[in-house]
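K.L.:
Give me a model of this one.
(one chain, ligands or ions: 1)
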Amino acid sequence: MDNKITILKDEINDKLAKTANLIDLDKIRVAYLGKKGSITALLKGMKDLSAEERKSFGAEVNKLKAFAAEKIEEKITELKEKEVEKEIASMPQFDVSTPVDLTRGSYHPITLVQRQCETIFKSMGFTVEDYPEVVTDYECFESLNIPKHHPARDMQDTYYLDNGQLLKSQTSAAQNAILKKYGKNLIENGVPIKAIFPGRCFRNEATDACHENTFFQMEGVMVDKDISISNLIFFMKTMLSEVFQKDIKVRLRPGFFPFVEPGFELDISCLICGGDGCPSCKHSGWLELCPCGMIHPNVLSEGGIDPEKYTGFAFGLGLTRLAMMKYGIKDIRDLNSGNLKSLSQFTDDE
Ligand code: FA5
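P.N.:
Sure thing, here's the model as predicted:
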């Protein structure tokens with residue numbers, strides 16, 4: 001019997017030494033320690049021994065069992081470590097101290113103008129807000145003096161979701177929330193509301209050189225005592241001269257938006273054709289860029305602000321069109337094309 005134990009011990013040592021993977025190792029475990037394994041069989045066979053033999057032999061078999069279990073565990077650890085080492089060796093090696101190769105990617109032109117506008121407005125005391133892309137009918141229309149079935153809704157062919165929400169068709173959708181967020185500080189501490197909120201907008205548009213179904217706007221609001229159209233014009237002029245760093249021709253004309261009164265369309269002379277007319281400006285020589293106006297009293301009231309005491313302006317800058325004009329991009333659709341070759345040329349600006 002003792003001889004049997006010695007043979008099994010040598011056998012186990014020998015097999016473990018030759019095993020190079022976890023699958024074979026598990027087969028060895030089953031062969032010796034499994035229900036039908038050799039060591040288990042020895043234990044089962046003890047019933048035929050005398051009480052004395054059973055005692056001493058049982059102790060030996062249990063020692064063998066513990067030895068086998070320990071050796072198998074050791075081998076598992078050893079093989080797992082080897083597998084990890086193998087995997088690490090097969091991985092591409094990165095040198096984290098290598099300088100980043102900027103030719104591999106670049107900021108999108110819209111990101112560049114958005115960041116530039118944010119810097120300009122932040123320097124004038126505006127805070128930058130973020131807002132969701134999926135909003136409610138109340139946020140996008142009702143709070144903006146556009147009740148259900150109002151004809152002004154036809155100005156924006158909106159994507160509605162099954163749950164009644166919609167894809168933000170204009171950044172104005174954040175106006176009500178901003179008025180509510182900062183109104184308390186205005187009323188109690190006299191701190192003017194000055195915020196901009198850039199964001200992606202969606203409309204079911206027939207696309208052309210200056211219309212996309214997905215585009216970016218940047219809304220801005222300022223509310224305080226005695227805010228007038230002159231303040232609005234000052235901020236619009238400052239923003240445009242900072243972005244373009246040169247004189248550009250601008251025109252302000254009346255425009256209708258239910259949430260401002262009076263309302264304006266701010267157009268810039270097309271920088272693609274110099275005002276002669278081209279597909280980028282629908283052959284008019286002018287590009288609608290930044291509608292604006294004095295916030296309607298109903299919108300202020302809905303935001304919890306007394307229109308008898310406070311006035312304010314709002315604007316909705318077309319960021320995507322601004323990027324077109326700034327970088328001389330003739331077709332707005334190129335900006336969403338994902339063509340890295342054409343987009344990468346703007347990296348130097350950052
Ligand atoms: C609005 O969206 C108003 N919410 C703007 C506003 C805000 C007015 C605050 C008054 C006060 P409009 O639909 O005109 O307005 O869009 C504003 C600007 O977004 C346009 O002048 C244009 O620059 C840009 N824009 C609108 N539709 C598109 C489009 N399909 N593709 C690209 N740019 C667009």
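
K.L.:
From now on I want contacts and neighbour counts done on CA atoms only, so please keep to that.
P.N.:
Will do.

K.L.:
Can you show me the strands along the stretch 151-300 of the chain?
P.N.:
Using DSSP state E, counting those that start in this stretch, the strands of the stretch 151-300 of the chain run over residues 166-167, 193-202, 214-224, 250-254, 260-269, 286-288, 292-295.

K.L.:
Make CSV from these and add mean pLDDT, distance to the ligand and mean neighbour count to it.
P.N.:
Putting these into CSV (pLDDT from 0 to 100; distance: least, Cα to the nearest ligand atom, whole Å; neighbours: other Cα atoms under 10 Å) gives the following:
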stretch, mean pLDDT, distance to the ligand, mean neighbour count
strand 166-167, 97, 13, 20
strand 193-202, 98, 8, 22
strand 214-224, 98, 5, 23
strand 250-254, 95, 11, 13
strand 260-269, 96, 6, 21
strand 286-288, 96, 4, 23
strand 292-295, 98, 4, 27
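
K.L.:
could those be laid out in CSV, adding distance to S38?
P.N.:
Output for these, formatted as CSV (distance: least, Cα to Cα, whole Å):
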stretch, distance to S38
strand 166-167, 69
strand 193-202, 70
strand 214-224, 71
strand 250-254, 94
strand 260-269, 89
strand 286-288, 87
strand 292-295, 88
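
K.L.:
Which one of these lies nearest to D306?
P.N.:
Smallest distance to D306 across the strands of the stretch 151-300 of the chain (Cα to Cα): 10.6 Å, for strand 214-224.

K.L.:
Sort out which residues of stretch 313-323 are buried, please.
P.N.:
F313, A314, F315, G316, L317, G318, L319, T320, R321, L322, A323 (16 or more other Cα atoms under 10 Å).

K.L.:
Am I right that the fifth one falls within a strand?
P.N.:
Yes - applying DSSP: H, G, I helix; E, B strand; the rest coil, one finds L317 inside a strand.

K.L.:
which residues touch the residue nearest to it when sequence neighbours are not counted?
P.N.:
Once flanking residues are discounted, L317 sits nearest to C290: 4.2 Å by Cα to Cα, 6 or more residues apart in numbering. Contacts for C290 (Cα atoms under 8 Å, 6 or more residues apart in numbering) come out as E265, L266, D267, F315, G316, L317, G318.

K.L.:
For beta bridges, what are the partners of the last one?
P.N.:
Beta-bridge partners recorded for G318 (DSSP bridges): Q217.

K.L.:
Please verify my assumption that it contacts Q217.
P.N.:
Yes - between G318 and Q217 there is a contact at 4.5 Å, judged by Cα atoms under 8 Å.

K.L.:
Please identify the buried residues of whatever helix or strand I110 lives in?
P.N.:
For I110, the element it lies in under DSSP states H and E is helix 109-123. Going by neighbour count (16+ other Cα under 10 Å), the buried part of helix 109-123 is P109, I110, L112, V113, Q114, Q116, C117, E118, I120, F121.

K.L.:
quick one: stretch 66-75 to chain centroid distance?
P.N.:
Put simply, stretch 66-75 sits 50 Å off its chain's centre (Cα atoms, centre = their mean, to the nearest Å).

K.L.:
go on, stretch 39-47?
P.N.:
How far stretch 39-47 lies from its chain's middle: 64 Å, per Cα atoms, centre = their mean.

K.L.:
Please enumerate residues in contact with that stretch?
P.N.:
Y32, L33, G34, R54, F57, G58, V61, L64, K65.

K.L.:
how many neighbours does the third one have?
P.N.:
Around G34 sit 15 other residues, with neighbours defined as other Cα atoms under 10 Å.

K.L.:
Can you tell me the closest non-neighbouring residue to it?
P.N.:
Leaving aside its sequence neighbours, G34 sits nearest to T40 (Cα to Cα, 6+ apart; 6.9 Å).

K.L.:
That neighbour - how many residues pack around it?
P.N.:
Residues lying near T40 (other Cα under 10 Å) number 17.

K.L.:
Under a three-state scheme, what state does it occupy?
P.N.:
Per three-state DSSP, the secondary structure class of T40 is helix.

K.L.:
Stretch 76-93 - what's its average pLDDT?
P.N.:
For stretch 76-93, the mean per-residue pLDDT is 85.

K.L.:
which other helices and strands contact the helix holding I110?
P.N.:
Packing partners of helix 109-123 (3 or more Cα pairs under 8 Å, 6 or more residues apart in numbering; DSSP states H and E): strand 127-128, strand 193-202, helix 229-244, helix 319-327.
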